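Colleague: One predicted model, sequence on top.
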Amino acid sequence: MSGEQKMRRVAGGNSYRLGQSLWECLGKRYGRRLGRYSEGLRGRRGTRKGNGVGFRGSQGAVRGPEEAGGVPARIAPLPPGIESNLILLLRHCYAISVFLASGVDWMLVTFFGLKFYFKTDGTTVGIEFGNATTCADPSSAHVIGQAFPHTFGQPLAHFLSATAKVPNAQIITEHPPMRVGIVFCGRQSPGGHNVVWGLYSAIKLHNRDNTLLGFVGGTEGLFAQRTLEITEEVLSSYKNQGGYDLLGRTVDQIRTTEQVNAALTACQDLKLDGLVIIGGVTSNSDAAQLAETFVEAKCPTKVVGVPVTLNGDLKNQFVETDVGFDTVCRVNSQLISNVCIDALSAEKYYYFIRLMGRKASHVALECALQSHPNMLILGEEVALSKLTIFDITKQICDAVQARAEKEKNHGVILIPEGLVESIPELYALLQEIHGLHSQGISIENISSHLSPWASALFEFLPPFIRRQLLLHPESDDSAQLSQIETEKLLAQLVEAEMNRRMKEGIYKGKKFNAICHFFGYQARGSLPSKFDCDYAYVLGHICYHILSAGLNGYMATVTNLKHPVNKWCCGAAPLTAMMNVKRHSRGSGAIPIGRPAIHPATIDLKGKVYELLRQKASSFLLDDLYRNPGPPQFEGPGADDKTFTLSIEDQDYMGRIKKLQDYLDTVKSIIKPGCSQDVLKAALSAMASVTQVLTVMSSPSFGGLQPL
């Protein structure tokens, strides 16, 4: 088998895949000579000075030397006398990262005095379109279709290697010059820079005349047309780095007519062929609106969204997880575990730890499974059971007393930052305060305008919580959750109750002592994990292929993420297929209201991950089963571990769609004119039964489809 055939075998398959990197392969053989990871002045992985070979992370595209522009490359047929030397060098390598391609120019790579020739050609990718999409909530489909007449109902897209034998797949061979803009929206999330890197690599790989412009200052930079051209030199110190400091960000939405028009004008003035928006649920809802507006205005700019948010709440049929969630959970879990060990050592403190994550509790749940604290208060449980602040206080106090009876006067309690909006009376109070804000009433006068019940609750709360509840809401009208110290409120209420129980002789343990922490900013600017580095980089590449295919209003997606990276499947899903419309109530027949949007996915209280927590909750509470996963790993044991959330959840939605299609094809192949009457009758009976069940489940009144 020739060298190129070996490389093709590794990179083959029906998906657009990535394998192990050349750097890792060579490191197996020449590890000591290669030295440790380095990336420019700040990075930990990248091109090593002094030899011409670079790499992208521990998995991903092969990186070229500076003179080659650092574009990914594939092994190509080599000039006489060169191939044998290269194969000799690589014969001990078990894999190599490649992009199947056809192309033109040669790239010379030197490695410790040896010269290798690579093709710097583009990636020939096929695209397969599926059926037209709808939305998960049938009652919202009509509303979304009216609001997005041009972009609702678009088909799914799957990207395949050019060698994949898939009927009706379109091969993208032409890559004219393209101008693309990219903008960070919302809060920074580890891995965002690698989306930029992946997109830059892809556009330069296919046409060196392509231009990538970054908008400086997030959405405000987009409106003001403040741009920075992304080059290899600009990117060199941001590859595999955390934060959004390459371009900066804002938290403003693109929601007003003036803002939408400013974005439209910017894309027209800058002659952009594509606009890539990096962010979470709110930012991608805005991306969908821009895509629709651009079509209506006959603007040629195509809009693409990328799921990047540490909250992990941009999850649906098409998105398995978000860039940044893996990193934030790993970093926070290590911090929590350190606190657990401290609690076990001193045996006299209860730690109340609040975690970032906005309204959903995904981060808190994942961290609990990784670090095994004694107690986790889930916002979704509180909302479902309609627990008051006093109910939660009693639960914690009962747990403290139960542990004290086992001579354990310490513990660790996790609290999601969205808990305050899950407690019914506090949420109602916040809504009333926000309503007064919208009426223009000053902060100093709001308390005097509250209703009697709200005023009574407000006066009961400690002064520091009152001040925090009075803060102006975010641009999406939600409370400033990161500024509301719910952990301190609970700690004070628990301390007061435990003192009362001790005074009355109900509690006979040691004096209750609480220490409070908020883990948020420590994690969101950290170095991205190996998973997030790879995931973000691949999403950047997909963005290019979405734009190259002329698709508008799509999100870059990768499925099969819990498997090794060479089994990942790349595609694109319409943003409108992820939308629904909020209701006033959850009852049957509720009328959709408001604007269609991509809403945060909350914890599935019937899901496998939650069930795993419930199974272990009692042992976590009374037994100190603290687990310390340590810091994120980039090589060796633990480097390829996935989150519990990703590994346990049964998310193979696209796989099931494909399996259903296979079943339907099988039925068609069996039921043909000439088949027996018995076979035909059996098929009709089965299909009638299935159709009846699906019709009921797809009706707007079916309770299982009511959005949270």
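Modeller: Thanks, I have it. Just so you know, these numbers come straight off a predicted model, no measurement behind them. Numbers count the residues shown, from 1 in each chain.

Colleague: C-alpha only now, for contacts and for neighbours.
Modeller: Will do.

Colleague: give me phi/psi at G280?
Modeller: phi -100, psi -150 (degrees, to the nearest 10).

Colleague: residue contacts, the residue nearest to it when sequence neighbours are not counted?
Modeller: The shortest distance from G280 to any non-neighbouring residue, by Cα to Cα, 6 or more residues apart in numbering, is to T309 (5.0 Å). Contacts for T309 (Cα atoms under 8 Å, 6 or more residues apart in numbering) come out as 187-189, 279-280, 322-325.

Colleague: which of those residues tops the neighbour count?
Modeller: In terms of neighbour count, V323 stands highest of the contacts of T309 at 34 neighbours, by other Cα atoms under 10 Å.

Colleague: Just confirm L429 is within a helix.
Modeller: Yes: L429 forms part of a helix when assessed by DSSP: H, G, I helix; E, B strand; the rest coil.

Colleague: distance of the closest residue to it other than its chain neighbours from R466?
Modeller: Leaving aside its sequence neighbours, L429 sits nearest to A454 (Cα to Cα, 6+ apart; 5.8 Å). Going from A454 to R466 by Cα to Cα, to the nearest Å gives 12 Å.

Colleague: So between the two, which is more surrounded?
Modeller: Using other Cα under 10 Å, the more surrounded residue of A454 and R466 is A454, with 19 against 16.

Colleague: Hmm, Y427 and that one touching each other?
Modeller: No: using Cα atoms under 8 Å, A454 is not in contact with Y427; the gap is 10.6 Å.

Colleague: ok, I172 - how many residues close by?
Modeller: Around I172 there are 15 residues (other Cα under 10 Å).

Colleague: neighbours around T163, how many?
Modeller: Counted with other Cα under 10 Å, the neighbours of T163 add up to 17.

Colleague: Let me see the domain layout of the protein.
Modeller: Residue ranges for the domains of the chain, per automatic domain parsing: 3-119, 125-324+528-578, 325-525+615-639, 653-705.

Colleague: mind listing the strands for the stretch 101-250 of the chain?
Modeller: For the stretch 101-250 of the chain, the strands defined by DSSP state E, counting those that start in this stretch occupy 106-111, 114-119, 125-132, 155-161, 170-172, 179-184, 211-215, 227-229.

Colleague: closest one to P300 among those?
Modeller: Nearest to P300, of all the strands of the stretch 101-250 of the chain, is strand 179-184, at 11.3 Å by Cα to Cα.

Colleague: Geometrically speaking, which residue is the centre of the chain?
Modeller: D322 (0.8 Å; Cα atoms, centre = their mean).

Colleague: Could you check the pLDDT of that one?
Modeller: At D322, the predicted lDDT confidence score is 96.

Colleague: Tell me who's in contact with it.
Modeller: Taking Cα under 8 Å, 6+ apart as the test, what D322 contacts is 307-310, 312-315.

Colleague: now N168
Modeller: N168 sits next to E128 when contact means Cα under 8 Å, 6+ apart.

Colleague: same check, this time on I413
Modeller: 350-353, 373-377.

Colleague: JSON lines please, covering those residues and showing distance to D650 and neighbour count.
Modeller: Formatted as JSON lines, the contacts of I413 follow (distance: Cα to Cα, whole Å; neighbours: other Cα atoms under 10 Å):
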{"residue": "Y350", "distance to D650": "35", "neighbour count": "22"}
{"residue": "Y351", "distance to D650": "33", "neighbour count": "24"}
{"residue": "F352", "distance to D650": "32", "neighbour count": "23"}
{"residue": "I353", "distance to D650": "29", "neighbour count": "23"}
{"residue": "P373", "distance to D650": "25", "neighbour count": "27"}
{"residue": "N374", "distance to D650": "27", "neighbour count": "26"}
{"residue": "M375", "distance to D650": "25", "neighbour count": "20"}
{"residue": "L376", "distance to D650": "23", "neighbour count": "24"}
{"residue": "I377", "distance to D650": "24", "neighbour count": "19"}
